[in-house]
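> Take a look and give me a structure for this.
(2 chains)
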Amino acid sequence: MRLQLIIIFCLQLVGIINTYAQQQVIPEDPEINFLFNYYEQEGNHSAVTGGIGTEALTNMAPMIQVNVPIDSVHIVNVSLGEDYYSSASSNKIVKYIDESTRKYLSSASKADFRYYGNIAYSKRNLERYRTNTYMLGFSKEFDVISSSVGYGYLKTSKNENSSFQFKNQLYYDIWKIILPGEFRDSSKTHFREYPMRLGNSSTDYARDTQISNTLSLVYTQVINKKLQIALLSDFVYQYGLLYTPFNRVFFDDGQYNDTIKVLNSAVDVELLPNTRYKVPLGIRIHYFPLDFMVVRMQYRYYFDDFGIRSHTLQIELPIKPSPYLTLFPIIRYYTQTASHYFYEYGTVPVVEQNVYPLVPAVPYYTSDYDLSAFTNWKYGIGFRYSPLYGLARANIPYTEKKLLKFKYVDMRYVRYNRSDGLNAWSATIDCGFVIETKNE
Amino acid sequence: MNTIVRYIITGIAMIALHSCVSVEAYQKAYINDEDMKLDARKVEYYEIGIENYREGSSGANGGKGGGGCGCN
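Numbering: from 1, shown residues only, chains lettered A, B, ... in the order given. Modelled structure (predicted):
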């Protein structure tokens, strides 16, 4: 029902903008993309249960993107989507709740939605080869509301062989402080102070904020008739709540064994610094060595002040058995070092073992294995089928000259194998439509 | 590892800049091909999101660098 409303809204939006566009010069046809992704993962290092326990998760994510050139100068781009996810570990936020804390059950449930929407307006200066873009974004899920604003500037050379892009996006997130169930009993002693509002109802959570700013610089260059490159760099600065309030850690209290103790006296919520910067630097190289094959390569180096260093290399080899069909095998290798603050399950050091309350020997700690040292292989295949006259065409009702063309279909399937045992797969389909004007 | 990566990047940059020529619009049949676009494909955006959540690093790949969670 929700998806239907989104589709209706987008078609109406296209209609409204396209009606206006009929009075203008239209350089390109409006495009509509319907995308759907299914993702599934399995692992045994859930951060919610302190680095041990199931990470089973499935996610279904429909999205619609609409790109409408109003005239040769103004372009509007809208995307709306939702994630419907079912996460076994989310359900364990309240796993350790007892009779005294049962009334504090959070709204975090086994299945939840996340909605999001983005709109961008671009204005081209055709004489000076410049484009200014203004962006707005919004997302909402059970524990986070996020809004964003952004600005982009693109300068292209006269011969369009090189371009420089500057983009800045500012995100403002509001987090509900949803603590694990055992932390909502204010009569119990904990290692540090937690908000007094413990979540008696869905509107009674304490809240905290996170601000992220992403500055992106991209330079592209056509090297020759068959080769072009892009140099990419981001600088991300984050401030505020950077840990997840329902992720547990277990201190090394000298009584560690393989069994998690219910209401373990050594359990705490992860704690991370309230500022973080991230610097990824990347290069893309796209080369057309043979008439039937393209090589798409990407390398990225990344570092941040949490102590993570990573290298990513991805290669895609689009092969074209016919002018309308492209098959593209994909392989990606990723490796990262562990964050300074990462500790495996039950190993967060304390000042003195067996002396309660335990005092952590380190200021920050997490058992989120996404911040551990690992390698991650991704491999898969995709195809794109894009016949010259499209897969199908239909007249748009209540218009005389408008035609909806099913232009192409793009599918992709990949698997992930992470060295810590997290395995996942993802399948995506993209159906591209254009609204054409019939020739007289 | 870092030294090897530096050599690779330097080598690629030297070869690329050495062979850099002005390409006219009518010579861009290959450059304008759909698979030569320097952006990520639309079907790839989901994977970029997954990688942002499931890996400690993010950015410089066309995905968002922060904001929202979607990480559960």
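> list the contacts for A:Pro273?
By CB atoms under 8 Å, 6 or more residues apart in numbering or on different chains, the contact list for A:Pro273 reads A:242, A:306, A:341, A:364. (C-beta placed from N, C-alpha, C; glycine too.)
> Please, which helix or strand holds the first one?
No secondary structure element spans A:Leu242, as it lies outside all helices and strands (assigned by DSSP states H and E).
> thought it was touching A:Tyr277?
No. Contact criterion CB atoms under 8 Å: A:Leu242 and A:Tyr277 do not qualify, at 11.3 Å.
> Compare these two and say which is more crowded by neighbours.
Neighbour count, other CB atoms under 10 Å in any protein chain shown: between A:Leu242 and A:Tyr277, A:Leu242 has more, with 18 against 14.
> That one - nearest residue in space that isn't next to it in sequence?
Nearest residue to A:Leu242, sequence neighbours excluded (CB to CB, 6 or more residues apart in numbering or on different chains): A:Leu272, at 5.0 Å.
> Count the residues that sit near that neighbour.
For A:Leu272, the count of nearby residues is 20 (other CB under 10 Å).
> One more: A:Pro329?
13.
> can you pull the contacts of A:Gly254?
A:353-354.
> any idea how far chain B is from it?
29 Å (CB to the nearest CB, to the nearest Å).
> Assumed that residue was part of a strand.
No. Per DSSP: H, G, I helix; E, B strand; the rest coil, A:Gly254 lies outside any strand segment and is coil.
> May I see the buried residues of the one helix or strand A:Thr220 maps to?
According to DSSP H and E, A:Thr220 maps onto strand A:207-224. Buried residues in strand A:207-224, counted by 16 or more other CB atoms under 10 Å in any protein chain shown: A:208, A:210-218, A:220-224.
> do stretch A:69-86 as well
So, applying 16+ other CB under 10 Å, buried residues of stretch A:69-86: A:69-70, A:74-83, A:85-86.
> filter the residues you listed down to the ones near chain B?
A:83, A:85 (CB under 8 Å from any CB of the partner chain).
> Format the buried residues of stretch A:69-86 as JSON lines; extra columns: pLDDT and secondary structure.
Below are the buried residues of stretch A:69-86 laid out as JSON lines (pLDDT from 0 to 100; DSSP: H, G, I helix; E, B strand; the rest coil):
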{"residue": "A:Pro69", "pLDDT": "92", "secondary structure": "strand"}
{"residue": "A:Ile70", "pLDDT": "89", "secondary structure": "coil"}
{"residue": "A:His74", "pLDDT": "94", "secondary structure": "strand"}
{"residue": "A:Ile75", "pLDDT": "95", "secondary structure": "strand"}
{"residue": "A:Val76", "pLDDT": "96", "secondary structure": "strand"}
{"residue": "A:Asn77", "pLDDT": "96", "secondary structure": "strand"}
{"residue": "A:Val78", "pLDDT": "96", "secondary structure": "strand"}
{"residue": "A:Ser79", "pLDDT": "95", "secondary structure": "strand"}
{"residue": "A:Leu80", "pLDDT": "95", "secondary structure": "strand"}
{"residue": "A:Gly81", "pLDDT": "94", "secondary structure": "strand"}
{"residue": "A:Glu82", "pLDDT": "92", "secondary structure": "strand"}
{"residue": "A:Asp83", "pLDDT": "91", "secondary structure": "strand"}
{"residue": "A:Tyr85", "pLDDT": "87", "secondary structure": "strand"}
{"residue": "A:Ser86", "pLDDT": "85", "secondary structure": "strand"}
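> which SS state does A:Ile330 fall under?
Once three-state DSSP is applied, A:Ile330 turns out strand.
> right, and it touches A:Lys378 too?
Yes. Assessed by CB under 8 Å, A:Ile330 is found in contact with A:Lys378 at 7.1 Å.
> show me what contacts the closest residue to A:Tyr38 other than its chain neighbours?
For A:Tyr38, ignoring the flanking residues on the chain, the nearest one in space by CB to CB, 6+ apart is A:Ala427 at 5.1 Å. Contacts for A:Ala427 (CB under 8 Å, 6+ apart) come out as A:37-39, A:411-413.
> Likewise for A:Tyr369?
The contact partners of A:Tyr369, taken as CB under 8 Å, 6+ apart, are A:43, A:45, A:47, A:51, A:342, A:420, A:422.
> Which pLDDT value does the model give the closest residue in space to the third one that isn't next to it in sequence?
Same thing as A:Ala47. The spatially closest residue to A:Ala47, leaving aside those adjacent along the chain, is A:Asp368, at 3.8 Å (CB to CB, 6+ apart). Note for A:Asp368: predicted pLDDT of 93.
> Please apply the same query to B:Glu44.
93.
> surely it meets A:Asp410?
No. Contact between B:Glu44 and A:Asp410 fails when scored by CB under 8 Å: they sit 9.6 Å apart.
> where does the closest residue in space to A:Asp252 that isn't next to it in sequence land on pLDDT?
Nearest residue to A:Asp252 in three dimensions, chain neighbours excluded: A:Thr347, at 5.1 Å (CB to CB, 6+ apart). The model reports A:Thr347 with a pLDDT of 88.
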